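In: Compute the structure for the input listed below.
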Amino acid sequence: MYRTTNLPNTRIHVADALRGIAVAGIILFHAREHFNLYWSALDLPRAGFGSWEQPAADALGFLLSGKMYAIFALLFGLSFFIQSDNQAQRGRDFSLRFAWRMALLFAIGLINATLYNGDVLTYYALFGLLLIPIGKLSNRWVWLIAAVLFIQPLELWQYFSGHTLAIRHIEGMDTLYPTLATGSFAQSARVSLLYGPLNSFSWAVANGRGTQTPLMFILGMLAGRYRLFYDEGRNLRIWGALLLLGALGTWLVPFQAMRNLATATAIVAAVVLLWYRWPGFRRALHGMTLFGRMSLTNYLLQSLLGTALFYNWGLGLYRHVDVIYGTLAGVGIVLVQYLFCRLWLRRHTHGPVEWVWKKLTWIDIPFFDRKIAS
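Out: Residues are numbered from 1 along each chain as shown. Sure, this is the predicted structure:
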């Protein structure tokens, strides 16, 4: 059974910066894919840069695909630990309150799914519930669970069996992308809500994220327990070793999902090391801390702005631009949202969606705030 060490969980600014990097990277990759419409089997003469398109697409895939979501999931687990441990230090069990928080996140995800069919918040909320029982275990048992998940058993089974865990033959699902490509806002919202979360969850399970997502949640929680994101003790040496392992794994690991995890580890380790060892790097990444403090707001806002740019009900750019122009549109989305973050955080301590989520999380439900048995 895990017990709090009663050490203070002060704000971790490098975690804010990493969260900002992750969300910005997610936005750029979504724009590269035209918010999923690029892969909808539509053969269109899009404006592009000719022979530069494929190398650019490959480079963006290498840097962003699967890595940004892994970092986002890692920090989700870290946030769980901080909230849970803060409550434990007050003698309260966070379990029911966190389950309620995940129910709220699932509802927020459904709202997001009406805009963008690739929403991840719904399955983050479902996988997040696993942290409640796992968070009560001692480190030894948590590491054992992490080791099993690290093996990527679902991906290995699919690889060696030749089968896929993707959900197929759901009536009506084949109408999803054609409707987004030709339909009105109401029609797009309907098919996105009906089929988007199921399609997203199916894709996640079939592509290794069914085990990788809870793995990153757990690793984030463990990083919180060991206080790895603070500049304490031998932590920077540990991050140096993780940087080396992540870089080696990026080139040597045979499976894509595992390579994504290795690359994400290298990115996180590099940012943490540079953050604590180079003041100029901290100053350069200050904007990303603002972006990260409003990560949920930014994730939802990118769905609105991105689909308004690329889907038929908006400007329909999916018909007209290829990968590089699409990514540049994503850069524009990031810049607009960054300016919004700067303006908002001048007068507020939380993003608008973060504030609502926090207020609803802590509404007065006395039964949720149980005391920890001594």
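In: Where does pLDDT dip in this structure?
Out: The chain contains residues with pLDDT under 70 at 39-42, 168-169, 373-374.
In: so who does F98 touch?
Out: Shown in contact with F98 (CB atoms under 8 Å, 6 or more residues apart in numbering): F80, Q83, S84, G128, L131, I132. Backbone N, C-alpha and C define where each C-beta goes, glycine included.
In: how far away is it from S79?
Out: Here the criterion is CB to CB, to the nearest Å. By it, F98 lies 10 Å from S79.
In: Also Y124?
Out: 11 Å.
In: out of these two, which sits in the busier spot?
Out: Y124 (21 against 18; other CB atoms under 10 Å).
In: Quickly note the distance from that one to F217.
Out: Using CB to CB, Y124 is found at 8 Å from F217.
In: which residues are common contacts for the two?
Out: Common neighbours of Y124 and F217 are listed as A73, F76 (criterion: CB under 8 Å, 6+ apart).
In: name the element T211 belongs to?
Out: Applying DSSP states H and E as the criterion places T211 in helix 209-225.
In: for that helix, packing partners?
Out: Helix 209-225 sits against helix 67-89, helix 121-128, helix 131-134, helix 139-150, helix 153-161, helix 256-277, with contacts defined as 3 or more CB pairs under 8 Å, 6 or more residues apart in numbering; DSSP states H and E.
In: so how far is the helix or strand following it from its chain's centroid?
Out: Following helix 209-225 in sequence order, the next helix or strand is helix 235-252 (DSSP H and E). Relative to its chain's centre, helix 235-252 lies at 21 Å (CA atoms, centre = their mean, to the nearest Å).
In: Repeat that for stretch 89-107.
Out: Distance, stretch centre to chain centre, for stretch 89-107: 19 Å (CA atoms, centre = their mean).
In: What are the buried residues along that stretch?
Out: Of all the residues in stretch 89-107, those buried under the rule 16 or more other CB atoms under 10 Å are 92-95, 97-102, 104-106.
In: how about those in TSV, adding distance to I365?
Out: TSV is the format used below for the buried residues of stretch 89-107 (distance: CB to CB, whole Å):
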residue	distance to I365
R92	13
D93	13
F94	13
S95	13
R97	8
F98	13
A99	11
W100	7
R101	12
M102	15
L104	12
L105	17
F106	17
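In: and these as TSV, adding secondary structure and distance to V148?
Out: Listed next are those as TSV, based on DSSP: H, G, I helix; E, B strand; the rest coil; distance: CB to CB, whole Å:
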residue	secondary structure	distance to V148
R92	strand	30
D93	coil	26
F94	coil	25
S95	helix	23
R97	helix	28
F98	helix	23
A99	helix	24
W100	helix	28
R101	helix	26
M102	helix	22
L104	helix	29
L105	helix	25
F106	helix	26
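In: What is the nearest of those residues to R32?
Out: L105 (26.0 Å; CB to CB).
In: ok, the closest one touching A125?
Out: Yes: using CB atoms under 8 Å, L105 is in contact with A125, at 4.2 Å.
In: ok so, going back, adding distance to Q54 and neighbour count, write the contacts of F98 out as TSV.
Out: Shown next, in TSV, are these (distance: CB to CB, whole Å; neighbours: other CB atoms under 10 Å):
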residue	distance to Q54	neighbour count
F80	39	24
Q83	44	17
S84	45	25
G128	37	23
L131	40	24
I132	45	17
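In: Report the inter-axis angle for whichever strand or helix holds L96 versus helix 67-89.
Out: Secondary structure assignment for L96, by DSSP H and E: helix 95-113. Interaxial angle, helix 95-113 versus helix 67-89 (axes from the mean of the first three to the mean of the last three CA atoms, to 10 degrees): 150 degrees.
In: And helix 95-113, how far out from the chain middle?
Out: Centre-to-centre, helix 95-113 and its host chain are 15 Å apart (CA atoms, centre = their mean).
In: CA atoms only for that helix, dumped as PDB, please.
Out: Provided in PDB are the C-alpha atoms of helix 95-113 (Å, rounded to 0.1, in the frame of the first residue of the first chain):
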ATOM      1  CA  SER A  95     -10.600   7.900  -5.300                       C
ATOM      2  CA  LEU A  96     -14.300   8.900  -5.600                       C
ATOM      3  CA  ARG A  97     -13.500  12.500  -6.400                       C
ATOM      4  CA  PHE A  98     -11.100  11.400  -9.200                       C
ATOM      5  CA  ALA A  99     -13.700   9.000 -10.600                       C
ATOM      6  CA  TRP A 100     -16.100  12.000 -10.700                       C
ATOM      7  CA  ARG A 101     -13.400  14.000 -12.400                       C
ATOM      8  CA  MET A 102     -13.000  11.300 -15.100                       C
ATOM      9  CA  ALA A 103     -16.800  11.300 -15.600                       C
ATOM     10  CA  LEU A 104     -16.600  15.000 -16.200                       C
ATOM     11  CA  LEU A 105     -13.700  14.500 -18.600                       C
ATOM     12  CA  PHE A 106     -15.600  11.900 -20.500                       C
ATOM     13  CA  ALA A 107     -18.500  14.400 -20.900                       C
ATOM     14  CA  ILE A 108     -16.000  17.100 -22.100                       C
ATOM     15  CA  GLY A 109     -14.600  14.500 -24.600                       C
ATOM     16  CA  LEU A 110     -18.100  13.800 -26.000                       C
ATOM     17  CA  ILE A 111     -18.500  17.600 -26.600                       C
ATOM     18  CA  ASN A 112     -15.200  17.700 -28.300                       C
ATOM     19  CA  ALA A 113     -16.100  14.600 -30.400                       C
END
